[in-house]
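1. This is a predicted model, with the sequence first.
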Amino acid sequence: MNPCILLAFVLLMSTLPTSNAQNQFVKVRSGHFEIGGRPYYFLGTNFWYGINLGSGGAGGDRQRLLKELDHLQELGVNNLRIMAASEGPDDQPWRMVPALQSSPGVYKQELLDGLDYLLAEMGKREMKAVLCLNNFWPWSGGMAQYVNWFGGKAIPLPPSCRGRRLGPLSTLRHQIL
């Protein structure tokens, strides 16, 4: 067989989803969740900062991420809603820092790597992810940041939040309380 045809065939086959991969996604049938044709029941929680903990850069703490995932698994949590995107300059008040997208189209590679790391670790624990790619909360940048970038309007912050920053995850609890 011609080596070029063989290589083309292998490359084509490697891009096709396998039935096993297709069976890993949660689907809805008759109003019920299922995976691979079997019922899927879950216990879930928000884990918005997972991408940041998974980062090898600023704000990252992979040891803490592993401990928290292990603890959640021990509690029976098998589904996490994570912020898979955040927008805006890191010097803005009441903001998730560091943000994935610091300005339009400019992404921090270490946070994309953090997302990959988080998802790989969740997979090891048979956890599923709901990826939140945007929202209307100013603390993650959200739609208000896009309006600011492309319309020049100030981001409306609640009166109690003006001038405050979320800061590093280690001090987050104290800043919110």
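-> That came through fine.

2. for the protein, which spans come out with low pLDDT?
-> Within the chain, the stretches with pLDDT under 70 are 1-23, 160-177.

3. all helices in it, in order from the N-terminus.
-> Assigned by DSSP state H, the helices in the chain fall at 3-15, 19-22, 50-54, 62-74, 109-124, 142-151, 169-176.

4. what does the fourth one contact?
-> With Cβ atoms under 8 Å, 6 or more residues apart in numbering as the contact definition, helix 62-74 has outside contacts at 45, 47, 50, 53-54, 56, 80, 117-118, 121-122, 125, 127. (C-beta placed from N, C-alpha, C; glycine too.)

5. Now tabulate the residues you listed in CSV and tack on neighbour count.
-> Rendered in CSV, the data for the contacts of helix 62-74 read as follows (neighbours: other Cβ atoms under 10 Å):
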residue, neighbour count
45, 11
47, 23
50, 25
53, 23
54, 28
56, 12
80, 23
117, 21
118, 26
121, 19
122, 23
125, 14
127, 20
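
6. Include distance to residue 74 when you put those residues into TSV, please.
-> Compiled in TSV, these are given as follows (distance: Cβ to Cβ, whole Å):
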residue	distance to residue 74
45	13
47	15
50	17
53	18
54	20
56	26
80	14
117	20
118	18
121	15
122	14
125	10
127	12
